[in-house]
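Student: sequence? don't have it. structure:
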C-alpha cells in the first residue's frame, strides 16, 4: 500500500484497516492531532475541485501536518509544458505525500510510477476517485453498522457517474448486496459493469425507471446528479429530469432507517426540503470524507 | 455573538470587548501565539481580495491556528452550481470558523443561517464589510485614545463607498461626533443615511465640496477612492477628481495631530508625498486590521 | 544582508555562509524543524511559478514557519491598481519575510525599498532570479565538493536565459573557472556579459555550436531550454533545436563524473532516457533548492 490510484488497489482487508482507523479517529480525534507533525501534503489540482481539495487539506491539518500546492492548472508548471512525471519528481522533494486531481485519465497513475512519495488519486477525468469511494464506504459502515446484507439504490446518471461505478465495484466484494439501479434508459450503467462486475459476481440487481417503484425496499439510496450536458437533446432532459429528483413526498415511501447519500455538489436532484429529514446524511457524509482521508494519509505515511 | 454579518450585529459593549482585547494583543502578541492551536479558519473568497484575505490568514496564523480555503470563485464548487447553503454545510465539517467574501449582497447572511461554525462577512458586494469597520474603530481608539468628541471628515465617494456608510453607522453610537462630508455633488451620501442615521440621531454634520474648507477643523480625515466608473461621463470625472486628492499642500492646513485614514487600496487619491507625514496612518491601519481580526476570531471561537 | 534582490547582493563570504548552512541542513534537517516557529512567509507571485513558489513554501514549512500569499496577479490587489510599494507596506504587517515574483524587472527592488521585512526576489521578468543561482551553487558545491577549478558548459539559449547570466556572474568570482558556451549563433551570450564579465575578469571561455565538440572536456553541463518564441522564424527553430538536445548518445562522450544540471521545467531539451543516468542531477538540484532557501530564510530572519 504505497499509492492509492484506483479504489480496487486496496484489498478488502486493507480497506477494513482504513475504515477501522477512521472509526477510531471519529471516536477520539484529539488523539491524532499531532501524528503528522512535520509532514507536508501537496495538493496538486490541475482542475479545480474545492470540496475534494479542502477535504484533503482539512484532513492533513487535523493530523498536525502542513499543506502546500495549487488549485488549478493555470498556476502550475503544466502551462510551461512540463510533464506530470517531471512535476512529481520535483514535488517529491517538497512534500511527504500528495493528492493529485487531473482532467486526464491515468495521470495520477503515471505520476505514481515516477514518485518517491505516496500519490493519492483525487479524481482523474471520468475515471477514478477512490477517496470518494472510501468516504461512501465509511458512511455506510458507520451509519448502518455493516457493509453487507444491504439493498442499495443508485439513482440518476448511472452511465457517466464514476462515483457510482467505483462504489459498485467496491461493494460487490461484500456479502449479500442487492442493487436497484434507477435511471432513464439513456443513462443506464455501462455494459461492462453489468456483465463483468454484477453478472460475473452473481450480484442480484434490478434496473428500473421510477424511483417510487423501489423506494420501500431500500436500505440506502445513493443519489447522483443528472447533468444536462449528458443528454442528446433538451427535450429529453426536461422530460426526464424530474423523475430522478428526490423530494419529501418520495421520502414518505422509504423505510424509517433508509439513508440518503450523495457525493455532492448537489444541484436540484434532491429538493432542499429533504435536508431536514434525519435520513438525509449527505452532509454527514462530507464530514466522514475528512476522517477517512485522515486514516488514509496515516496509512500511506506509515504513522499508523 | 455567533456570527459577524453586519457591523451593527455588535452592541457597543461587545465592540468594546473586541477593541479592548485587540488592544491587549497589541501590547503582548506573544501571549496569544497558540490560543487557536488545532483550530482552522476557512477563507471562502468568491471574489478576490488579497488584502482582506491575507489579513484574516495572518490573524489566524498569529493565533497558532491553520488556514485553508479558496481565493476566487473559479476554483470553488460555485462553478458547479452549488448553493452557498450547501457549501457552508460542508465547510462546517472542514473548519472551525470561516470568513466569506461574496459579490452578492446577503450571501454571508444566508450562509450563517445554515452554518454550524461562526461565519464572518468579509465583504458582500457593496453592502457590508464589518471587519473594515472594526479596523477603523481600533485605529481611532488606539491612536486617538478615544471614540468620542471627534470631528471626522469623510472625503471622496460617499455615495457608493460602503466603508464610509458602515463607519458612520458605527460612529453615531458614540458621544459628540461631528461629521464633515466632503464630496462632489454626484457622490454625496445617500438620503437614507442622512435622514435615518444622521438626522435621526441628531448628529451634527456638514456637506462640503472642498477639502480645503474643512481641513483645519478635523481630528481625523477618512479618505476614499473616487472611482472612474462611478461617473456618468469622463469629463465630470476629470474635472472633479483632483479636488478630492490629498497632497502635502492640503496637509499644511490640518491640525498637528489630525490623522489620515484610508481603507486601501489607494490609487491616486492620496499623493505619495503624504506617506512620510507622521499623520498618515493608513499603513498602520492595515496593521491594526490584523489585530482586530485576531480579537474577533478569539471571541467567536470563545477562546477569549 | 537584509534583502536578496540580485545574486550579486551577496559577497562571496556571505554566499559561503549560506551554502555552509544549507550543507548543515542537508546533514541534519530535523535540527532546524522549529527554528522559524511563529514566523510567516508571504509568497507574492504576480506571475505563476509553481515550482519556485512551492520550493519557498516547503522551505518555510520545513523550518516550522507558516505560509500565506497569492499565486497570480488576478487574485491580488494589483488588479485594483495598487502599487507594489503600497502592497509591500501592508504585507509588512502580515508576514515576517516575503518572496516576490513579478513580471516587471525591478519590482522586487522597489518593494524592498518600502518594506520593513526582508524581500527575496523570486524572479523579476527576464532579469534576476537569485535563489535559482543559490540552488545551482549549492548543487555544484555539494556534488562536486568545490566551487573552483571546473570546466562548465552552458548549453541552449544563452542570450535570453537569465539563469545562465546569473550563474556566470556568480561563478566568475571563484578560482580557475573555464566556460564552454554552446548555442546557436542567434542565441549567444549578450555582448555585455562577454566583455564586462568574462573578458574583464580574464575568464577563459569558448563559444561553440555543437554540444558534441566539448562534451569530453566538461565537469558540468548546464542545460537550458531553447524556446520556440525566441526565434525569428519557425524554420530556424526546427533546424536548430535538435543540436541542443541532450540524449544518451551524447552522454557517452562525457566524463564519468560529469554532472548535468537544468533549472527546470524541462520540455524536450533533455531526452527522458537521460533521467536514469546517475550523472543527471536536475531533480536532485530541485531538492537542493529547498535546502538553500531554508538557509536563506534563516539568514534573513536572523535565526541562524
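Tutor: Ah, there it is. As the structure is a prediction and not an experimental result, all values here were calculated from the model.
Student: Just give me the neighbour total for residue A:297.
Tutor: Using other C-beta atoms under 10 Å in any protein chain shown, residue A:297 has 26 neighbouring residues. For every residue, glycine as well, the C-beta is placed using N, CA and C.
Student: make that residue A:175, sorry
Tutor: Quick note: residue A:175 (other C-beta under 10 Å) scores 9 neighbours.
Student: got the end-to-end distance for stretch A:185-197?
Tutor: 20 Å (C-alpha to C-alpha, to the nearest Å).
Student: Need the residues that contact it.
Tutor: For stretch A:185-197, the surrounding residues in contact (C-beta atoms under 8 Å, 6 or more residues apart in numbering or on different chains) are A:156-160, A:164-165, A:168-169, A:172, A:181, A:183, A:203, A:207, A:209, A:226, A:230-232, A:236, A:240.
Student: In helices, which of the residues you listed appear?
Tutor: Here DSSP state H is the test, and these give A:164, A:165, A:168, A:169, A:236, A:240 as lying in helices.
Student: rewinding a little: go ahead and build a PyMOL selection from the buried members of the contacts of stretch A:185-197.
Tutor: Selection of buried members from those for PyMOL, criterion 16 or more other C-beta atoms under 10 Å in any protein chain shown:
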select buried, chain A and resi 156+157+158+159+160+164+165+168+169+172+181+183+203+226+230+231+240
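Student: Which pLDDT does the model give residue A:197?
Tutor: For residue A:197, the pLDDT comes out at 96.
Student: Quick check: the farthest pair among the ones in helices among the contacts of stretch A:185-197?
Tutor: Pairwise distances across these (C-beta to C-beta) peak at 28.2 Å, for the pair A:169 and A:236.
Student: In the stretch 101-250 of chain A, where is pLDDT below threshold?
Tutor: For the stretch 101-250 of chain A, the stretches with pLDDT under 70 are A:230.
Student: Nearest to chain C: which residue in it?
Tutor: Sorted by distance to chain C under C-beta to the nearest C-beta, the residues of the stretch 101-250 of chain A start with residue A:114, at 8.9 Å.
Student: can I assume that residue is in contact with residue A:87?
Tutor: No - assessed by C-beta atoms under 8 Å, residue A:114 is found out of contact with residue A:87, at 9.0 Å.
Student: Tell me which of these two has more neighbours.
Tutor: residue A:87 (26 against 17).
Student: The helix or strand that one falls within - contacts with which helices or strands?
Tutor: Residue A:87 belongs to helix A:84-94 when assigned by DSSP states H and E. Counting contacts by 3 or more C-beta pairs under 8 Å, 6 or more residues apart in numbering or on different chains; DSSP states H and E, helix A:84-94 packs against strand A:40-45, strand A:97-102, helix A:107-114, helix C:50-62, helix C:282-300.
Student: What are the contacting residues of it?
Tutor: A:40, A:42, A:44, A:68, A:76-78, A:98, A:100, A:102, A:107, A:110-117, A:119, C:50-51, C:54-55, C:57-58, C:264-266, C:272, C:283, C:286-287, C:289-290.
Student: which of these are buried?
Tutor: Listed as buried from the contacts of helix A:84-94 are A:40, A:42, A:44, A:68, A:76-78, A:98, A:100, A:102, A:107, A:110-112, A:114-115, A:117, A:119, C:50-51, C:54-55, C:57-58, C:264-266, C:283, C:286-287, C:289-290; burial here means 16+ other C-beta under 10 Å.
Student: sorry, back to before: ok, the residue of the stretch 101-250 of chain A closest to chain C - contacts?
Tutor: Applying C-beta under 8 Å, 6+ apart, the residues near residue A:114 are A:84, A:85, A:88, A:89.
Student: Please report the distance of the closest residue in space to residue A:227 that isn't next to it in sequence from residue A:209.
Tutor: Distance criterion C-beta to C-beta, 6 or more residues apart in numbering or on different chains; nearest residue to residue A:227, sequence neighbours excluded, is residue A:157 at 6.3 Å. Distance of residue A:157 to residue A:209, computed by C-beta to C-beta, to the nearest Å: 14 Å.
Student: anything in contact with each of these two?
Tutor: Shared contacts of residue A:157 and residue A:209 (C-beta under 8 Å, 6+ apart): residue A:183.
Student: For residue A:204, the count of nearby residues, please.
Tutor: 11.
Student: What sits closest to it if chain neighbours are left out?
Tutor: In space, and not counting its chain neighbours, residue A:204 is closest to residue A:178: 4.9 Å by C-beta to C-beta, 6+ apart.
Student: For the helix or strand the one you found falls within, which strands pair with it and how are they oriented?
Tutor: Using DSSP H and E, residue A:178 sits within strand A:177-182. Strand A:177-182 pairs in its sheet with strand A:150-155 (parallel), strand A:205-208 (parallel), by DSSP bridges.
Student: just those strands: most buried one?
Tutor: Among the strands paired with strand A:177-182, strand A:150-155 has the highest mean neighbour count (mean count of other C-beta atoms under 10 Å in any protein chain shown), at a mean of 23.
Student: Distance from the chain centre to that strand, please.
Tutor: Here the centre of strand A:150-155 is set off from its chain's centre by 16 Å, with C-alpha atoms, centre = their mean, to the nearest Å.
Student: next one: stretch A:136-146
Tutor: 13 Å.
Student: coming back round to it: which of the strands paired with strand A:177-182 sits closest to residue C:21?
Tutor: Ranking these by their distance to residue C:21 (criterion: C-beta to C-beta) puts strand A:150-155 first, at 58.1 Å.
Student: What parts of chain A come near chain C?
Tutor: Listed as neighbours of chain C in chain A under the rule C-beta under 8 Å from any C-beta of the partner chain: A:38, A:40, A:42, A:66, A:68-70, A:74-77, A:79-82, A:85-87, A:89-95.
Student: Just the buried residues of the residues you listed.
Tutor: For the residues of chain A next to chain C, buried by 16+ other C-beta under 10 Å: A:38, A:40, A:42, A:66, A:68-70, A:74-77, A:80, A:82, A:86-87, A:89-95.
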